[in-house]
Every structure is written in structure tokens, then in C-alpha cells.
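Q: Predicted model and sequence follow; I will ask about them next.
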Amino acid sequence: MSSEHVVTQIPLPELWNDRGPVQATRGARLGEADVARMISEVGATFAVAEVGRSLFWVPGHERFLFWKREAKGRVAKADEEPVKPSDYPGAYCYVASEWKLDGGTSLVVLEKQG
């Protein structure tokens, strides 16, 4: 699988990187406070999914900057149905979920809406 692999549907059925499929299991949907806790207390990083683009893995050392500049304020509430991207800055938002990688590491996947 090459880096040309693009997101074709959301919610994501699987994760991948430049080396191929990543063994991971989707967990609970997260709200903004959950995401903030995971990046500060657990050290989780992000993968960002947007239909028509490659899955973007935020480097671990950039997770706080990415959170501050891009994702904070744009994470849909965990129980928000339907999600209304127009209610968020820039008329887009992220549906966040926790994924567990093999070995137990947590990852926050942000699926872009809008």
C-alpha cells in the first residue's frame, strides 16, 4: 500500500500508513475534553481523515501545536447527532474517536466533516 492510498469513506473502516494496514481497533467516540485529556495525560497523537486525501499522521512532537492551532474548538460533541459542521469555526469540524493500536497505545482519529 502506498502513500497514494486515500480516504474514501467516513467513518473509517481501517487505518494505514506508508507501510500498509495498521492493526488498530476503533473505540469510543470522544468529545473535546476527552481529546485534550488523551493528548496531555496519555500522550496520544492524531491521525486525520478527510475524504479524498491521504490519512495524515500528526507527528508526536507536533500534537500540542496541531491541537491548539487546528483541532481545539472543532471537535464535535461525543453525543452530537447529526453533526452540524456549520456550527464550528470555518464551517467544518472533526468527529473524534479513540483507536487502540496493537500493544495498547491509544490514538485519536479525527474524521473531518464539512
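A: Now that the structure is in, tell me what you want to look at. Because the structure is a prediction, the values reported are computed rather than measured.
Q: Next, work out how far apart residue 70 and residue 43 are.
A: 19 Å (C-beta to C-beta, to the nearest Å). The C-beta positions use only the backbone N, C-alpha and C, and glycine is treated the same way.
Q: Who has more neighbours out of those two?
A: Comparing residue 70 with residue 43 by other C-beta atoms under 10 Å, the one with more neighbours is residue 70, at 15 against 11.
Q: What pLDDT is listed against the more buried one?
A: At residue 70, the pLDDT value in this model is 98.
Q: average pLDDT across the top helix by length along the chain?
A: Counting residues, the longest helix found in the chain (DSSP state H) is helix 32-37. Mean pLDDT, computed over helix 32-37, is 98.
Q: I would like the residues contacting it, please.
A: For helix 32-37, contacts defined as C-beta atoms under 8 Å, 6 or more residues apart in numbering pick out 67, 71, 72, 73, 75, 77, 78, 96, 98, 108.
Q: Which secondary structure state is assigned to the first one?
A: Which is residue 67. Following DSSP: H, G, I helix; E, B strand; the rest coil, residue 67 is assigned to helix.
Q: That one and residue 39 touch, don't they?
A: Yes. With contacts counted by C-beta atoms under 8 Å, residue 67 reaches residue 39, the gap being 5.9 Å.
Q: between these two, what contacts are shared?
A: Joint contacts of residue 67 and residue 39 (C-beta under 8 Å, 6+ apart) are residue 46.
Q: before we move on, the earlier item: pick out the most distant pair among the contacts of helix 32-37.
A: Across the contacts of helix 32-37, no pair lies farther apart than 73 and 98, at 19.5 Å, counting by C-beta to C-beta.
Q: between these two, who's got more neighbours?
A: Taking neighbours as other C-beta under 10 Å, residue 73 and residue 98 compare with residue 98 leading, 19 against 12.
Q: Can you tell me the SS state at the more buried one?
A: Secondary structure, three-state DSSP: residue 98 is strand.
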